[in-house]
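Undergrad: Predicted model and sequence follow; I will ask about them next.
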Amino acid sequence: MNLTNTFRQYGAALRALVVFTALLGLGYPLLIWLIALVPGLHDKAEGSILTAGGKAVGSKLIGQQFTDAAGNPLAQYFQTRPSAGGYDPLSSGGGNFGPESVIDTPADPARLAAGASPSDAGFKPSLLTLVCSRSAAVGKLEGVDGSRPFCTGTGVGAVLSVSGPRNARGDVVHPTRVVSVNEPCASTGRPFVDNYRGVHVECASFGEDYSDGLIVPVRGAASGAPQVPADAVTASGSGLDPDISPAYADIQVARVARARHASADQIRQVVAQYRTGRTFGFFGEPTVDVLQLNLALDSRYPITGR
């Protein structure tokens, strides 16, 4: 009797295995494959591939860099936002920075003098300095003001280490020493501010530890509404976003128009065609697809002699 019950249980388990294997291992994948063949969905299922001249040039879903061999922006193209992985799908991800990332790791002056690049010499910029340097670079490229709050005029984080006795709230009311931690003495002629609370501000000496001081980001006089949009200076979480904000596209119009010998209004008309509004009218933000926009510009306003 017990043996019969055992066989029944094993039989039920075997039947369940066969049924669910057929449903989930064969039926479900087949259903999804058939849905992917439905007109209107097939292109998306294939990766939303874009073509030009009969050749695949990219995907609507993944951004690309429009730079030369040295990494400099190509003037005739709209630029995408920064990417921590260089828009490589195999390196998708963010930079793992947090809001408290405001102090750079300085480069070794001896290695710099020996010809090493800043990164090879140990330089690791903080998130704040990355934002500041990108904003300054975009501002210079587009001919707009690249200044931002908490950034120095040279494009690094405006951060002080303030040493001295602290009050009950942890503030240093009467500093004894103040150092601009992101401005190394080897490359800084004069810190971004001369004094702080009556104390002369020093540049940062390589190898010194300033963590004992109170870390004070200095807002400065820059406008609270920077001309360079936030997406122009920050990478997305995936590092693959194909879109930029309309505000970032707008500050690039004049440069692209000059490079393509077109009017700004002509370029804006093309931009408007590749602008997408909020999903369902309220999800997300309006965006502009950069790859589709640049392909359209190549077709309508090509650069001759390339």
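TA: Nice, I can see it.

Undergrad: CA only for contacts and neighbour counts going forward, please
TA: Noted.

Undergrad: Report the buried residues of the biggest strand by length in the chain.
TA: What stands out as the longest strand in the chain, according to DSSP state E, is strand 177-184. Under the neighbour-count criterion of 16 or more other CA atoms under 10 Å, strand 177-184 has 178-184 buried.

Undergrad: so the spatially closest residue to Val156 that is not a sequence neighbour, which of the three states?
TA: Nearest residue to Val156 in three dimensions, chain neighbours excluded: Thr129, at 4.4 Å (CA to CA, 6 or more residues apart in numbering). Using DSSP: H, G, I helix; E, B strand; the rest coil, the structure places Thr129 in helix.

Undergrad: ranges for the strands of the stretch 101-250 of the chain?
TA: 159-163, 177-184, 195-196, 199-204, 214-217, 243-244 (DSSP state E, counting those that start in this stretch).

Undergrad: For Ser83, see how far away the residue lying closest to Arg81 once chain neighbours are set aside is.
TA: Leaving aside its sequence neighbours, Arg81 sits nearest to Ala232 (CA to CA, 6+ apart; 5.0 Å). Distance of Ala232 to Ser83, computed by CA to CA, to the nearest Å: 10 Å.

Undergrad: Name the spans of this structure whose pLDDT lies under the cut-off.
TA: The model of the chain has pLDDT under 70 over residues 1, 36-47, 305-306.

Undergrad: quick one, phi/psi of Phe7?
TA: The phi and psi torsions at Phe7 (degrees, to the nearest 10) take the values phi -60, psi -40.

Undergrad: Of all the strands of the stretch 101-250 of the chain, which one is nearest Thr51?
TA: strand 243-244 (17.8 Å; CA to CA).

Undergrad: which residues sit against that closest one?
TA: 63, 80-81, 231-232, 287-290 (CA atoms under 8 Å, 6 or more residues apart in numbering).

Undergrad: can we see that at 7 Å?
TA: Where contact means CA atoms under 7 Å, 6 or more residues apart in numbering, the residues beyond strand 243-244 that reach it are 80-81, 231, 287-290.

Undergrad: quick revisit: between Ala232 and Ser83, which is the more surrounded one?
TA: Applying other CA atoms under 10 Å to Ala232 and Ser83 shows that Ser83 carries more neighbours, namely 25 against 21.

Undergrad: Provide a list of residues in contact with the closest residue to Ser236 other than its chain neighbours.
TA: Of all residues not flanking Ser236 in the chain, Gly94 sits nearest, at 6.4 Å (CA to CA, 6+ apart). Taking CA under 7 Å, 6+ apart, we find Gly94 in contact with 84, 235-239.

Undergrad: quick one: which of those residues has the most company?
TA: Busiest of the contacts of Gly94 [other CA under 10 Å] is Gly239, holding 24 neighbours.

Undergrad: Would you map out the domains in the chain?
TA: The chain resolves into domains spanning 47-95+239-305, 159-217 when parsed by the TED database.

Undergrad: Include distance to Gly11 when you put these into a markdown table, please.
TA: As requested, those are exported to a markdown table (distance: least, CA to CA, whole Å):
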| stretch | distance to Gly11 |
| --- | --- |
| domain 47-95+239-305 | 43 |
| domain 159-217 | 69 |
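
Undergrad: coming back round to it: which ones among the contacts of strand 243-244 map onto strands?
TA: Those of these lying in strands (DSSP E): 287-289.

Undergrad: If we only consider these, which is nearest to Ala296?
TA: Asp289 (10.9 Å).

Undergrad: So Val102 is in contact with Leu130, correct?
TA: No - at 9.5 Å, Val102 does not count as touching Leu130 under the criterion of CA atoms under 7 Å.

Undergrad: who does the longest strand of the chain pair up with?
TA: strand 159-163 (antiparallel), strand 199-204 (parallel) (DSSP bridges).

Undergrad: all helices of the stretch 51-200 of the chain, in order?
TA: Secondary structure of the stretch 51-200 of the chain by DSSP state H, counting those that start in this stretch: the helices cover 109-113, 127-142.

Undergrad: ok, back up a step: between the domains of the chain, which gets nearest to Asp120?
TA: Nearest of those (CA to CA): domain 159-217, 15.5 Å.

Undergrad: in stretch 192-203, what counts as buried?
TA: 192, 201-203.

Undergrad: possible to save the residues you listed as CSV with distance to Asp171?
TA: Below are the buried residues of stretch 192-203 laid out as CSV (distance: CA to CA, whole Å):
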residue, distance to Asp171
Phe192, 22
Val201, 17
Glu202, 20
Cys203, 22
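
Undergrad: Which one of these is nearest to Ile32?
TA: When the buried residues of stretch 192-203 are ranked by distance to Ile32 (CA to CA), Phe192 comes first, at 59.4 Å.
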